[in-house]
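K.L.:
Please work out how this folds:
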Amino acid sequence: MTAHPNPTVIARYADPAATLDEVTVWSVEVHLEDCPDCRALLADRTNDDSRALLARVAAGMGDAIAAGPAPAARRRWSAVRNRLLVWHLVPWLTMTVAVLACAVALHSIQPSLPSMVALLAPIAPLPGVAIAWSRRHDPAWELIAGTPAAGLAMLLRRTAAVLAVVVPALALASSRTGVSLALTLLPCLAFTAATIALGGFVGVRRAALGLGTAWSLAVVVPALASAQLPLVLQPGSSLIWALLTLVLAGFVAARSDNFRRLSSHN
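P.N.:
Just a heads-up that it's a prediction; the model follows:
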């Protein structure tokens, strides 16, 4: 939430008897994390009993902290790392880069075959995106899922970390094989956006698996059988991929509420 909440919303948030919808509550909580002015406004809205309780809790915590050991220095990189990365991504990203390297090597050995770099570009980021927000691959999933920053924002941060590795690898593979950069990066971004958009309904992991399987069966296998690139990867298709990426990105932004409650299988 970038704009300050309306004072009426702050007042309702502070009132235990008032009701706010879940989206508004989460938006206010995310904003309060970084806005001292709104936190001060919220403090003014609390009653005397609440302030007294907070004062007792603060005093108790202060005494406990003073009696305990000095806290370890917090590294800024640790916070960024925890938000962006899941260390289980590393082997999957390594595998993706290795597969692209094999595609480059295959092109040099059999240049008559359709470019495997172009055929694999749309699905190259999907393994990483599939586990970017997954209980099975993130030991801290339950802790992160309970924070206001969870949901689409966290998924996009981790997807960006995946693309930060996959996009340069695709660009390098394209330069080595002579494949148009637009016909590798645009399909890659389009399938990433499609995975996130579909993931809001069926789960990101299932969406990545379904789209990857569909592309492999409908495009990759026939292209290898016919030894020709399909029409969807011909030079004239770049504009279509760009428009598809923009449409899917807009759909994800419009349906961001779908990611408020990503379940464990998502």
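K.L.:
Would you map out the domains in the chain?
P.N.:
Here the domain parsing of the chain from automatic domain parsing is 7-67, 77-259.
K.L.:
would CSV of those domains with mean pLDDT and mean neighbour count be doable?
P.N.:
Where C-beta positions appear, they are placed from N, C-alpha and C, glycine not excepted. Shown next, in CSV, are the domains of the chain (pLDDT from 0 to 100; neighbours: other Cβ atoms under 10 Å):
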stretch, mean pLDDT, mean neighbour count
domain 7-67, 77, 13
domain 77-259, 84, 17
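K.L.:
contacting residues around V252?
P.N.:
In this structure, V252 makes contact with L152, A193, I196, A197, G200, judged by Cβ atoms under 8 Å, 6 or more residues apart in numbering.
K.L.:
I'd guessed the first one sits against A254; true?
P.N.:
No: L152 is beyond contact range of A254, at 11.1 Å (criterion: Cβ atoms under 8 Å).
K.L.:
that older thread, closest to L231 among the contacts of V252?
P.N.:
A193 (21.0 Å; Cβ to Cβ).
K.L.:
Distance-wise, check that closest one relative to A227.
P.N.:
30 Å (Cβ to Cβ, to the nearest Å).
K.L.:
can you give me the helices in this structure?
P.N.:
7-14, 22-34, 36-45, 48-67, 76-84, 89-109, 116-120, 126-132, 141-145, 152-177, 182-202, 204-215, 221-226, 238-254 (DSSP state H).
K.L.:
Report the contact partners of the nearest residue to Y13 once chain neighbours are set aside.
P.N.:
Closest residue to Y13 in three dimensions, ignoring its sequence neighbours and counting by Cβ to Cβ, 6 or more residues apart in numbering: V28, at 5.2 Å. Counting by Cβ under 8 Å, 6+ apart, V28 touches M1, P5, V9, I10, Y13, L20.
K.L.:
give me every residue that touches the third one.
P.N.:
Residues touching V9, when contacts are defined by Cβ under 8 Å, 6+ apart, comprise L20, T24, V28.
K.L.:
can you list those residues in TSV and add distance to R158?
P.N.:
Formatted as TSV, the contacts of V9 follow (distance: Cβ to Cβ, whole Å):
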residue	distance to R158
L20	28
T24	25
V28	24
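K.L.:
returning to what we had before: any chance of the helices of the chain in TSV with distance to V232 as columns?
P.N.:
As requested, these are exported to TSV (distance: least, Cβ to Cβ, whole Å):
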stretch	distance to V232
helix 7-14	47
helix 22-34	37
helix 36-45	48
helix 48-67	59
helix 76-84	32
helix 89-109	18
helix 116-120	10
helix 126-132	17
helix 141-145	35
helix 152-177	17
helix 182-202	8
helix 204-215	10
helix 221-226	10
helix 238-254	8
